[in-house]
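>>> Whatever this is, show me its structure:
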Amino acid sequence: MKEYDVTIVGGGPIGGHVARRIAHEGYKVVILEEHKQIGEPLKCAGLITTRPLNLTNISEKLVVQNKIKGANIHSPSGHILTIGGDREHAVVIDRPKFDMEIINHSIDEGAEVFLENKVISAKKHSNHVELKTEQNNNIMCKLLIGADGPFSKTRELFNLPKPAEFLNGIGAEITGTNLNPDFVEIFVGKDIAPGFFAWIIPTNEQGSEARIGLCINQDAPHPPNYYFLKLLKNINTTTYLKNINIVRKTGGAVPLGLLKQTTDSNVMLVGDAAAQVKPTSGGGIYTGLLCANHCSAVALEALQKNDFTNNLLKKYHKLSNNEIGKELKLGMKIRKIFKNLTDEQLDKYMTKFQDKKILENISKYGDIDYPSKLIKPLLKNLPSLIKFLPKIIRK
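A predicted model of the protein is given here:
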């Protein structure tokens, strides 16, 4: 039986960041990662703001592949709404390298990492947790932190709440594209990606390489691959994808809807395991890292006080909700409205958005991490949106 102060299940960026911060204070930390290699298999489009880089102290030079200034949003009928273009709004990162840098930082602080160690059981005993992995590692720890993704085994083992919904995603890394490297291409419509959207993200400065993908509702009429194949042949995408080669396919699930409980005695959830994901974009790196800071702070307090009761650990849940809860709840309201729009309504409103003042406001206030910043300026210039946003503007 190997003994640790903290066991973190999941070797992604969120788990790695928590491990780094706790190990830095001299505590014995282990990360259990089920895969053979950190950052693999790839399940992320890798489009973020620079905020996660600042939070993790990772240099842009190490992980940034391309910089994005705007987006072309393609309506169901083929109309294009161009937003941004005036300045850098986001960056495209090499996600496996980003993950590896964070894990290396945690190792530098003293954390241990066990690859190919999938957790198969975990039980509480008095004031500690005992775990067993597929590699027959028996581990005892004071605190177990689940950073193990949308279908968290930690969440399941300790009967913590599930996310409100899941999106099913599929994608690929491709070469031979013909893209403006400054712009992301976004496609919406019931026949393209029911319940969400599809994307083409240029991953180099020449626009010749990209990540393409989409997410759909769980109750979509067809599986993700059906929509992916249709996307490759869509009349609106062929301009960019005539001569592409698929390097590798990617896929995964996106959990949406903040959990009502993310802790129990000796147990905490963080990142995708806690559904700390933006409902408007499906991104969880920035929000997960913000919550990871609170998770590690409360974990350190618990270690210092030798108190792992839920009465103390639930402070993390409150702190995280105070940080991101309002934004993510608003995101779920926006998502509910978006899901109920018909293709005709999407076309109609995208046409209305072709107003100079509206586009200026989107460029000025648009922020993929904080979509709420855009609502008041939009309502000011497009009052007809009010009828679609009653629950949002009420507060």
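>>> quick one: the strands in the stretch 251-395 of the chain?
263-264, 267-269 (DSSP state E, counting those that start in this stretch).
>>> Hmm, I typed the wrong one, I wanted the stretch 1-150 of the chain.
Using DSSP E, counting those that start in this stretch, the strands of the stretch 1-150 of the chain run over 2-9, 29-32, 47-48, 64-68, 70-74, 80-84, 90-93, 112-114, 119-125, 128-133, 138-146.
>>> tell me what the fourth one is packed against?
Spelled out, that is strand 64-68. If you count contacts as 3 or more Cβ pairs under 8 Å, 6 or more residues apart in numbering; DSSP states H and E, strand 64-68 packs onto strand 90-93, strand 198-202. Placement of C-beta: from N, CA and C, glycine included.
>>> Please repeat the previous calculation with a cut-off of 10 Å.
Judged by 3 or more Cβ pairs under 10 Å, 6 or more residues apart in numbering; DSSP states H and E, the packing partners of strand 64-68 are strand 47-48, strand 90-93, helix 95-108, strand 183-187, strand 198-202, strand 209-217.
>>> circling back: figure out which of the strands of the stretch 1-150 of the chain is closest to residue 278.
Checking these against residue 278 by Cβ to Cβ gives strand 47-48 as the closest, at 10.8 Å.
>>> Centre of the chain to that closest one, how far?
Computed by Cα atoms, centre = their mean, to the nearest Å, the chain-centroid distance of strand 47-48 equals 9 Å.
>>> what's next to that strand, contact-wise?
Taking contacts as Cβ atoms under 10 Å, 6 or more residues apart in numbering, the residues outside strand 47-48 that touch it are 63-64, 66, 68, 71, 89-93, 95, 98, 184, 199, 201, 203, 211, 281, 283, 285-286, 289, 368-369.
>>> circling back to that earlier point, tell me which of the strands of the stretch 1-150 of the chain is the most buried.
Comparing those by mean neighbour count (mean count of other Cβ atoms under 10 Å), strand 29-32 comes out on top with a mean of 26.
>>> Dump that one to CSV, keeping only the CA atoms.
Taking Å, rounded to 0.1, in the frame of the first residue of the first chain, the C-alpha atoms of strand 29-32 are listed here in CSV:
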residue,chain,number,x,y,z
VAL,A,29,1.0,14.0,-4.4
VAL,A,30,0.4,11.3,-7.0
ILE,A,31,-1.4,11.6,-10.4
LEU,A,32,-3.1,8.5,-11.8
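>>> so what strands line up beside it?
Counting by DSSP bridges, the strands paired with strand 29-32 are strand 2-9 (parallel), strand 112-114 (parallel).
>>> Can you get me a residue count around residue 306?
Counted by other Cβ atoms under 10 Å, the residues lying close to residue 306 total 8.
>>> dump the residue contacts of it.
For residue 306, the residues meeting the contact criterion (Cβ under 10 Å, 6+ apart) are 127, 142.
>>> mind listing the helices for the chain?
In the chain, the segments counted as helices under DSSP state H are 13-23, 51-56, 60-63, 95-108, 153-157, 224-233, 238-241, 285-305, 310-320, 326-340, 343-352, 356-365, 375-381, 390-393.
>>> Okay, residue 109 and residue 326: tell me how far apart.
Residue 109 is 32 Å from residue 326, where distance means Cβ to Cβ, to the nearest Å.
>>> Which one's more surrounded, these two?
Per other Cβ under 10 Å, whichever of residue 109 and residue 326 has more neighbours is residue 109, with 17 against 12.
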